[in-house]
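Q: What would the 3D arrangement of this be:
(one chain, ligands or ions: 1)
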Amino acid sequence: MSSNRGAWQITLIYLVVSALWILLSDNALTLVGLSTELQQRLQTVKGLAFISITSGLIFFLTRNYLRRRRQQERELRISEQRFELALAGSQDGVWDWHLNSDQVHFSRQCRVMLGFPADSQADLGGKWASLLHPEDSAAAKQALRDHLAGRTSRFQHVHRLRHQHEGYRWFEASGRALRDPTGKPWRILGTLRDVTAQKESEERLRQAAVVFDSTTEGVVITNAHNQILNVNQAFCQITGYSADEAIGAKPNLLKSGWHDASFYQAMWQSLEHEGNWQGEVWNRRKNGEIYPQWQTINSVRDADGKLTHYVAVFADISKIKRSEQEIDFLAHNDPLTRLPNRLLLNERLENAIQRAKRQNEKVGLIFIDLDRFKAVNDSLGHSAGDELLRAAAMRMLARSREQDTLARLGGDEFVLLVDDIQATDALIPVAKRLLACFDKPFDIDQQALHLTVSLGISLFPDDASDARSLLTNADTALTLAKDNGRNTYAFYTQALTQHARERIALESSLHQAISGRQLRVYYQPQVDLGTGHIIGLEALVRWQHPEHGLLTPDRFLPVAVNAGLMISIDEYVLNQACQQMQRWLAAGFDLQHMAVNMSGSWLERGQVVDSVKQALARNGLHAQYLELELTETEAMRHSELNMERLDSLRHLGISLAIDDFGTGYSSLMRLKRLPVNRLKIDRDFVRDLPHDQNDAAIARAIIALGQSLQMELIAEGVETVEQAELLTAMGCTNAQGYLYSRPVPAAEIEPLLQHVGSTEE
Ligand SMILES: Nc1nc2c(ncn2[C@@H]2O[C@@H]3COP(=O)(O)O[C@H]4[C@@H](O)[C@H](n5cnc6c(=O)[nH]c(N)nc65)O[C@@H]4COP(=O)(O)O[C@H]3[C@H]2O)c(=O)[nH]1
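A: As a prediction, this is how the structure comes out:
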């Protein structure tokens, strides 16, 4: 009941009761028939009674009314206090917006939250919109419009409002509109809550969730009882377990059994005392594979310090481990053959020497060099060369004892470290075994390649007292093995050291030899096997050494190659030979050509064509009388430039011969393309004729090849009549060798030429 209606009802009742009282009580007195005086007295009493009753009534009503009001006011105050307390506790502010007057009341808390003075009574109406962040403004206003229009039952929106001092902060505003009977809103009341911290932690959580899901490191979260609560995608990828399989289980699901109890004890102790643990753990994937992981575990405690969770983050480091191993391997091993390299050999050699010192034993070092490997590499290409090196390494490794170290130093150089030997002789069977590794040919690129090795042996403590000298001495011994005709072994001796010193001395005196005219040119005849006539000569260099006497090319040419002196020597010989040939021709000797050796470096450097032109011009020799010899290996070098230079030489009119044919690895295609007139059968295949069937077969094959390519053939190193006859029978037309003459100075050649006869005879 409304207050107006209630008041009207009470007043009406009072009017009716009073009117009835006045009218009826007077009539009642009249009817009773009392005297007038008594009636007047009773009327006075009645009037007083009425006043008393109504006064009493008014008193009680007023008292009740006032009591109820006080009670209500008290209750209101209490409720207001409760509300204030509740709001203060919740940190929410209250706002009250009278829409018609556009007056907004912001509670004290609201003002504090927005950075206004707490007790400012300034009207903040209309401020709300201006405080809104530009990015949130449209959405917040739309939410308010929706509610005022009755489209939503509550206004609720989270947006940023500008704080007076701290920039924008996040607020959650909620409220409800009061509407008149027509439904039109006239007031809206609501609360405002600062949710900046919540927003920030939501953002942090969102970021953490992204990290959790996208990190490549596995993450496991367990409760305090070490039961898995959550794992991330990376965990599943690394371990092979799905999240469903892992959740609820314990992390020992991954236990590999590689760590003992003390390892886990130390881990738990660290977690308990430090709150974290970090280290390498070997775990087992679902597929059984054991792998290393780098793991960090942190214990998580609540505000009261009670342990709630463990969080473990780990990275699979198996790839890193593998590359570490690979790097370590490559640092100590040769990538081609996978054998130990120089570094590892040195380490092992040092150790072996120390051990031998302690145990009074010996250490043997065998330096191994593949004979003529360079020729294979140059003619068949590097990949075939590599394959050959690998195959050779495998054969030697298979024949070595496990405790010995076979190392590759680079190129075609290997070393076998033979540990724990009692006597020098013990190395002989080892060396023989190594040589035997090369008895059978290697099958490379569908070709059977025959290869031999030369071995140089030195011994600790007999030949050297430290690793470095031992290696140098083995190398020196190798030179001796090579000098002894290759495919053999040689021990280091003091004499060898002397030899090495001589080589160094030779190199320095070779420079003087060239300038000081110590070089000599010897000539060796080349004869027609059919007529026995000398058809040409080969110019061969000698060194008239002031102390060592006459030195043959094998003593000083390798030194000259190392010292870069080959071109000077070749040019000197060419000049001398042209001069001499011109003299002999002028003297009327019937010679077809003068053969001069051409080193690889001379051809390679490119000045050979000019040098030849100049030598011919200087000596007035016609190009047709000059023949240049190039070894098979040099001729097969795959360089277009070399090919062009050979073509240019041919265009000058000189002829070209391939020297030492049969020792290299010729490609038929290339041989066909070479502008060559003559093949010289290497003396290695002539030496054992006519007895060696293999050599005979090779010589026959070379002759057939030369014939089919329309090249002239000359056999080198013919020493016996039988050899000459056999070669003639095989179809070889020319020969050179001691049978006819050793290489001799020009003066000694002339009687031979006269014997053959001059054109003037
Ligand atoms: N056992 C034996 N050997 C015989 C016989 N007939 C000839 N010889 C030797 O065979 C070699 C032939 O020369 P090469 O194959 O061009 O082989 C030559 C050649 O490759 C190189 N050489 C010599 N002089 C020069 C030069 O002026 N320049 C260049 N680049 N190399 C040269 O040195 C190599 C060796 O020359 P030499 O010691 O003079 O050795 C000569 C010669 O003395 C024989 O019946 N039996």
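
Q: Touching stretch 395-412 from outside, list them.
A: Taking C-beta atoms under 8 Å, 6 or more residues apart in numbering as the criterion, the residues outside stretch 395-412 that touch it are 334, 336-337, 339-342, 344-345, 348, 368-370, 373-374, 389, 393, 414-420, 430, 433-434, 436-438. Placement of C-beta: from N, CA and C, glycine included.

Q: is stretch 580-590 anywhere near the ligand?
A: No: Stretch 580-590 does not reach the ligand (C-beta under 6 Å from any ligand atom); its nearest approach is 12.9 Å.

Q: Using CSV, write out every CA atom in that stretch.
A: Extracted in CSV, the C-alpha atoms of stretch 580-590 (Å, rounded to 0.1, in the frame of the first residue of the first chain):
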residue,chain,number,x,y,z
GLN,A,580,123.6,-29.0,-80.9
MET,A,581,121.0,-30.4,-83.4
GLN,A,582,121.5,-27.5,-85.7
ARG,A,583,125.3,-28.0,-85.6
TRP,A,584,124.9,-31.7,-86.4
LEU,A,585,122.4,-31.0,-89.2
ALA,A,586,124.8,-28.4,-90.5
ALA,A,587,127.6,-31.0,-90.3
GLY,A,588,125.4,-33.1,-92.6
PHE,A,589,124.3,-35.8,-90.2
ASP,A,590,121.0,-37.4,-91.3
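
Q: pLDDT below threshold where in the protein?
A: 1-3, 80, 84, 86-90, 121-126, 494-501, 503, 637-639, 663-669, 755-761 (pLDDT under 70).

Q: Show me where the stretch 151-300 of the chain has its strands.
A: For the stretch 151-300 of the chain, strands defined by DSSP state E, counting those that start in this stretch occupy the ranges 155-163, 167-179, 185-194, 218-223, 228-231, 276-284, 290-301.

Q: Make a markdown table from those strands and add distance to Ala474 and mean neighbour count to it.
A: Listed next are the strands of the stretch 151-300 of the chain as a markdown table, based on distance: least, C-beta to C-beta, whole Å; neighbours: other C-beta atoms under 10 Å:
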| stretch | distance to Ala474 | mean neighbour count |
| --- | --- | --- |
| strand 155-163 | 83 | 18 |
| strand 167-179 | 80 | 17 |
| strand 185-194 | 85 | 18 |
| strand 218-223 | 53 | 20 |
| strand 228-231 | 60 | 19 |
| strand 276-284 | 43 | 17 |
| strand 290-301 | 41 | 17 |
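
Q: Throw these into a markdown table and include distance to the ligand, thanks.
A: Output for the strands of the stretch 151-300 of the chain, formatted as a markdown table (distance: least, C-beta to the nearest ligand atom, whole Å):
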| stretch | distance to the ligand |
| --- | --- |
| strand 155-163 | 91 |
| strand 167-179 | 88 |
| strand 185-194 | 96 |
| strand 218-223 | 69 |
| strand 228-231 | 75 |
| strand 276-284 | 62 |
| strand 290-301 | 60 |
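
Q: Let me have the ones you listed in CSV, extended by distance to Ser318.
A: Putting these into CSV (distance: least, C-beta to C-beta, whole Å) gives the following:
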stretch, distance to Ser318
strand 155-163, 47
strand 167-179, 45
strand 185-194, 50
strand 218-223, 13
strand 228-231, 19
strand 276-284, 10
strand 290-301, 4
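
Q: one step back: in strands only, show me the contacts of stretch 395-412.
A: Of the contacts of stretch 395-412, the ones assigned to strands by DSSP state E are 368-370, 414-420.

Q: Buried ones among those?
A: Using 16 or more other C-beta atoms under 10 Å as the burial test, the ones in strands among the contacts of stretch 395-412 include 368-370, 414-420 as buried.

Q: Show me which pair in those is furthest apart.
A: Leu370 and Asp420 (26.8 Å; C-beta to C-beta).

Q: Could you tell me which residues of this protein lie near the ligand?
A: 524, 540-541, 552-554, 557, 569-570, 573, 597, 599, 629, 659-660, 683, 716-719, 736-738, 743.

Q: Select from those residues every entry located in helices.
A: Among the residues of the chain next to the ligand, the members found in helices (DSSP state H) are 553-554, 557, 569-570, 573.

Q: Out of those residues, which end up buried?
A: 553, 557, 569-570, 573.

Q: Work out which residue lies at the spatial centre of this protein.
A: Ser323 (8.0 Å; C-alpha atoms, centre = their mean).

Q: Can you name the residues that contact it?
A: No residues are in contact with Ser323 under the rule C-beta under 8 Å, 6+ apart.

Q: Check the stretch 101-250 of the chain for the residue nearest the ligand and tell me.
A: Closest contact between the stretch 101-250 of the chain and the ligand, by C-beta to the nearest ligand atom, is at Thr216 (63.3 Å).

Q: OK, contacts around that residue?
A: 234, 315.

Q: Can you say which helix or strand has the residue nearest to the centre of the chain in it?
A: helix 318-332 (DSSP states H and E).

Q: got the buried residues for that helix?
A: Here helix 318-332 shows 318, 332 as buried, counting by 16+ other C-beta under 10 Å.

Q: Strands of the stretch 451-600 of the chain, residue ranges please.
A: Under DSSP E, counting those that start in this stretch, the stretch 451-600 of the chain gives strands at 453-460, 489-491, 519-528, 534-545, 549-551, 593-597.
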